[in-house]
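K.L.:
Attaching a predicted model along with its sequence, questions to come.
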Amino acid sequence: MADAEMSQSAVASAYFSRLDGGDPTLMDLFDDDLLLYFPKFGVARGKDAFGAFAAGIMPTLSAVQHFIDPDTFVIAGDRVVVEGTTRGATANGAQWAGGETPGGRFCNVFEIRGGRIARLFIYLDPDYAGADTERFLWPERAAGPW
């Protein structure tokens, strides 16, 4: 099925699949005027913004995999909200696993119009491995449960 013909949930699922697989057709899912948000990156517009975001974050990671349950997608109009977890490792070898470590839970909010992702706001703590301990406001919670 052509990207433009995919359902909203299929587009969101394809995003995670292509992202994790390093599939260069990931960019085909985005509208040319994509509006993107990621913590510490901020808000930017256009496919080039996603490229800049990826160029900044990918060197900090050696592996990442997203775990989502498509049955839990919340769809309202053009918006698809997806919660999930990630598992992976930073470039220096520190590992995380959402639900087992402080980092690794995320929520993405997509706006999908005409089969393309027009808006992607990613909400998560980019301190995947929990290295920013000085600003951990609840040290008694550092051991979990997660």
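P.N.:
Thanks, I have the structure now.
K.L.:
burial count for residue 50?
P.N.:
19 (other Cβ atoms under 10 Å). For the C-beta atoms, the positions are set from N, CA and C on the backbone; glycine is no exception.
K.L.:
Name the nearest residue to it, sequence neighbours excluded.
P.N.:
In this structure, residue 50 finds its nearest non-sequential neighbour in residue 36, 5.7 Å apart by Cβ to Cβ, 6 or more residues apart in numbering.
K.L.:
can you pull the contacts of residue 40?
P.N.:
residue 126 (Cβ atoms under 8 Å, 6 or more residues apart in numbering).
K.L.:
Would you mind giving the secondary structure of it?
P.N.:
coil (DSSP: H, G, I helix; E, B strand; the rest coil).
K.L.:
Could you do the one 4 residues further on as well?
P.N.:
The three-state assignment at residue 44 reads strand, by three-state DSSP.
K.L.:
what residues are up against it?
P.N.:
35, 36, 52, 53.
K.L.:
which residues touch the third one?
P.N.:
Just to be clear, that refers to residue 52. So residue 52 contacts residue 44 (Cβ under 8 Å, 6+ apart).
K.L.:
do you know how far the residue nearest to residue 47 when sequence neighbours are not counted is from residue 96?
P.N.:
Leaving aside its chain neighbours, residue 47 sits nearest to residue 30 (5.2 Å; criterion: Cβ to Cβ, 6+ apart). Per Cβ to Cβ, to the nearest Å, residue 30 is found 27 Å from residue 96.
K.L.:
ok, now residue 38?
P.N.:
Relative to residue 96, residue 38 is positioned 17 Å away (Cβ to Cβ).
K.L.:
Kindly list the main-chain dihedrals of residue 136?
P.N.:
Backbone torsions for residue 136, taken as degrees, to the nearest 10, come to phi -80, psi 110.
K.L.:
how much space between it and residue 112?
P.N.:
Counting by Cβ to Cβ, the gap from residue 136 to residue 112 is 35 Å.
K.L.:
partners of the most centrally placed residue in the chain in the sheet?
P.N.:
Centroid check for the chain by Cα atoms, centre = their mean gives residue 122 as the closest residue, at 5.4 Å. Beta-bridge partners for residue 122, by DSSP bridges, are residue 108.
K.L.:
Right, I'll call it a day here.
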